[in-house]
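>>> Build me a model from this:
(one chain, ligands or ions: 1)
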Amino acid sequence: MSQSPRPRALIVGTGFIGPAHLEALRRLGVPVAGLVERDAETAARKARELGIERAYPSYEAALADPAVSVVHLAVPNALHAPYAEAALAAGKHVVCEKPLAATSAESERLARLARASGLVAAVNYNLRFYPLVREARERVARGDIGAPFLVHGAYLQDWLLLDTDWNWRLEPAAGGELRAVADIGTHWLDMVAYATGRRIEAVFADFATMHPVRRRPVGPVETFTAAGGAPASGLAPAPVTSEDAAVILLRFEGGARGSLVVSQVSAGRKNSLRFEIDGSASSMAWDSEEPNSLWIGRRNEPNGLLMKDPSLLTPAAARLSAYPGGHQEGYADTIARMFAEFYRYVEAGDFSAPRGFPTFDDGHAEMLLCDALLESSKSGAWVAVPPVKGGKA
Ligand code: SOE
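Residues are numbered from 1 along each chain as shown. Okay, the predicted model is just below:
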């Protein structure tokens, strides 16, 4: 019996995260049709470096190729909406980096278009795919911790600590009006809503910009590049309007309260996402820099530390562990697991089935949260977060 060919992927953008998409696709055996970069020359160079067969001269040329069936968008945030819309219009499935769009008006439109398209559209909140994050979700759902009381934690980085640190994310035209909150805060918010199974209904936010004026290198800088002194091209003063950090209070559906500190200026915290969920029966805590253990807090018995070992996990979490216990899995594995779920779904072909990956609706939900956070930071008051209207995109 002949099998239908596997869907072929297109990678758009090869900065920090595009190569991570490529690595995950290769690990899953998904064929990559080619890549698109900001210009034909860069595309040809990157294709050579990454061992990709084809460099398309433009995004339009790639979308016109019937060999491409899934578009991976790893481009600056401002391009997500126009590029995702063009991909859907060309009949391609989409995996878009987060945040889904630069504004909630754009993400609302994308979610609507995705729903109407009959295609499959995902937003890469890959961190949900850590086995022990899934384990936390399963344990909350089966009642292990009782009623969630408190959800608290932080997402801290230090790669924008110095006033000479620069990246496109600092430019509202490329990154959007919000920065630390949209870039990493939404990962945390998505993760805890997913882990608790509870929507965030209201927020109170205090945003801070530690460097209102930075010294910007003349020329582009990749994400996570350390300053290491002035570049040969020189530095120019540049005003910054987006937040370096935020302190946030949360109210979850069902009554749980929460708090979150987001920062891209916390020395020594390279990429530290931590959360704790305290329930009426027990607590759980997880840290992305030690992702293969889940702390379990108990009142009348010794506390526990659950190591990632598929033989000890719930079936849903065990399925996300590619290796046996003691074999460390991390960030890159979450992307592979997320794409595995996405491509399994695309290949199964029943698009009315529930989707086990974050959809454009989930991406839009994060944009509505960002709006509420921004409004609260301006008004100094609690702001309600509206639910996503419609269905599952
Ligand atoms: C930069 O802050 C960044 O690369 C984010 O854009 C990613 O989503 C996060 O995983 C790591 O940090």
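
>>> Ramachandran coordinates for the residue of the stretch 51-200 of the chain found nearest the ligand?
Nearest residue of the stretch 51-200 of the chain to the ligand, counting by C-beta to the nearest ligand atom: residue 183, 4.7 Å away. C-beta here means a position set from N, CA and C on the backbone, and glycine is covered the same way. Here is the backbone geometry of residue 183 (degrees, to the nearest 10): phi -70, psi -50.

>>> Can you report how many residues lie near it?
Look at residue 183: counted by other C-beta atoms under 10 Å, it has 23 neighbours.

>>> what residues are up against the residue nearest to it when sequence neighbours are not counted?
Leaving aside its chain neighbours, residue 183 sits nearest to residue 169 (5.9 Å; criterion: C-beta to C-beta, 6 or more residues apart in numbering). When contacts are counted by C-beta atoms under 8 Å, 6 or more residues apart in numbering, residue 169 touches 76-77, 175, 179, 183, 223, 242.

>>> residues from the stretch 201-350 of the chain in reach of the ligand?
Residues of the stretch 201-350 of the chain found near the ligand (C-beta under 6 Å from any ligand atom) are 223, 271.

>>> what bits of the stretch 201-350 of the chain have low per-residue confidence?
For the stretch 201-350 of the chain, applying pLDDT under 70 flags the ranges 226-233.

>>> quick one: the helices in it?
Along the stretch 201-350 of the chain, the stretches classed as helices by DSSP state H, counting those that start in this stretch are 315-318, 331-348.

>>> first to last residue in stretch 116-135, what's the distance?
Stretch 116-135 has an end-to-end distance of 33 Å (criterion: C-alpha to C-alpha, to the nearest Å).

>>> buried ones in that stretch?
For stretch 116-135, burial by neighbour count (16 or more other C-beta atoms under 10 Å) applies to 117, 119-135.

>>> One more: stretch 10-24?
Buried positions in stretch 10-24, judged by neighbour count with 16+ other C-beta under 10 Å: 10-15, 17-22, 24.

>>> With respect to per-residue confidence, which of those is lowest?
Within the buried residues of stretch 10-24, the minimum per-residue pLDDT falls on residue 15 (94).

>>> Just the ones of the buried residues of stretch 116-135 in strands?
For these, the ones inside strands are 121-123, with DSSP state E as the criterion.

>>> Is the longest helix along the chain in proximity to the ligand?
Looking across the chain with DSSP state H, the single longest helix is helix 360-379. No. Helix 360-379 stays clear of the ligand (C-beta under 6 Å from any ligand atom), getting no nearer than 11.7 Å.

>>> Please write out the alpha-carbon positions of that helix in PDB.
Extracted C-alpha coordinates of helix 360-379, given in PDB (Å, rounded to 0.1, in the frame of the first residue of the first chain):
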ATOM      1  CA  PHE A 360      -4.100  30.600  17.400                       C
ATOM      2  CA  ASP A 361      -6.900  31.000  20.000                       C
ATOM      3  CA  ASP A 362      -4.400  30.400  22.700                       C
ATOM      4  CA  GLY A 363      -2.100  33.000  21.000                       C
ATOM      5  CA  HIS A 364      -5.000  35.500  20.900                       C
ATOM      6  CA  ALA A 365      -5.800  34.800  24.600                       C
ATOM      7  CA  GLU A 366      -2.200  35.800  25.500                       C
ATOM      8  CA  MET A 367      -2.600  39.000  23.500                       C
ATOM      9  CA  LEU A 368      -5.800  39.900  25.400                       C
ATOM     10  CA  LEU A 369      -3.800  39.300  28.600                       C
ATOM     11  CA  CYS A 370      -1.100  41.600  27.300                       C
ATOM     12  CA  ASP A 371      -3.700  44.300  26.600                       C
ATOM     13  CA  ALA A 372      -5.100  44.000  30.100                       C
ATOM     14  CA  LEU A 373      -1.600  44.100  31.700                       C
ATOM     15  CA  LEU A 374      -0.700  47.200  29.700                       C
ATOM     16  CA  GLU A 375      -4.000  48.900  30.700                       C
ATOM     17  CA  SER A 376      -3.500  48.100  34.300                       C
ATOM     18  CA  SER A 377       0.100  49.400  34.300                       C
ATOM     19  CA  LYS A 378      -1.200  52.700  33.000                       C
ATOM     20  CA  SER A 379      -4.300  53.000  35.100                       C
END
